[in-house]
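*Asks:* Need coordinates for the following:
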Amino acid sequence: MAKKIAVAIHKGGVGKTTTAKNLAAALAQAGKTTLLVDLDEQANATKGLGVDPAQLAVTLNHLFMNPDLDPSTAVLTTLVDGLHLIAGHPDLSRTETGMALQRTDPTAPDPIVALKGLLAELDDRYDFIIMDTPPSLNYMTINALAAADELLIPAAASAYSADGLARTIEAYERAVGSYNPSLKLRGILVTRFKRTNASSAVFDGIGEAYHDLVIPQLIVESTAVDEAEQLNQPVVLYDPESPAAKGYKRVAEILIHG
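*Replies:* Numbers count the residues shown, from 1 in each chain. As a prediction, this is how the structure comes out:
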């Protein structure tokens, strides 16, 4: 049975998709069969693995729209051995609107458990399933929280992280109190850390506010990450000796053994 981890925070620009993609790739490199599920309409995790969602016959959106489809028809191999992908697509935005309308109909199935049902059919094929979510607490993110065993929150060591962290933890608490009581908060991963006083101050503030929830590994800001993104590769593949790649590989080990 796969360990299912949602990577989510109610804030953009924190390296959330970079984190989801690189943790999934690092887990695969560590010998764990891994599936990355892209729930973001921007499909950046998909594109970041060299896949064009416009060219695909089946994406995650098709699975949401047609429950009779076999979820395995949407599974793609990637350039990382052992890492598979279910691609995102811009049409997820329309599906999101449909879910909001469906939730108002008491006779319709609850749309927030749609992803959980899809992944149940793939559960025994993987060691890990990593879910990349939109930078907001919408129905796609809620689907991820409903399907996940654990929540990992990436928080940039930069200004304005505190509000996104607080709102995401509130969403986690609602999930536990309502639709997924077994969901665990795996921790807060500090990303985009720079060796500056400002970055250190944010890091210290997160540590003071959340104590033991902070994962004991920083992700250091690295030009290698930007270079890898330009080439549609995970940095753990593009430059495995870069500080960011080493950080992600260490976090993958924590997830495996923790």
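
*Asks:* quick one: which helix or strand includes residue 14?
*Replies:* Per DSSP states H and E, residue 14 falls between elements, in no helix or strand.

*Asks:* Which residues are in contact with the closest residue to it other than its chain neighbours?
*Replies:* In space, and not counting its chain neighbours, residue 14 is closest to residue 156: 4.0 Å by C-beta to C-beta, 6 or more residues apart in numbering. Heads up, the C-betas are built off the backbone N, CA and C, glycines and all. Residue 156 makes contact with 11, 13-15, 190-192, 202 under the criterion C-beta atoms under 8 Å, 6 or more residues apart in numbering.

*Asks:* ditto for residue 188
*Replies:* 153-155, 165, 206, 210, 213-215.

*Asks:* For those, which PyMOL command selects only the ones that are buried?
*Replies:* Buried members of the contacts of residue 188, defined by 16 or more other C-beta atoms under 10 Å, are picked up in PyMOL with:
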select buried, resi 153+154+155+165+206+210+214+215
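
*Asks:* Can you flag which of the contacts of residue 188 belong to strands?
*Replies:* The strands, defined by DSSP state E, take in 153-155 from the contacts of residue 188.

*Asks:* and which of these is nearest to residue 240?
*Replies:* Nearest to residue 240 out of those is residue 154 (C-beta to C-beta; 20.1 Å).

*Asks:* how about the lowest-mean-pLDDT helix or strand in the chain: buried residues?
*Replies:* Least confident element among the helices and strands of the chain, by mean pLDDT, DSSP states H and E: helix 197-210 (a mean of 82). For helix 197-210, a neighbour-count test (16+ other C-beta under 10 Å) marks 199, 202-203, 206, 210 as buried.
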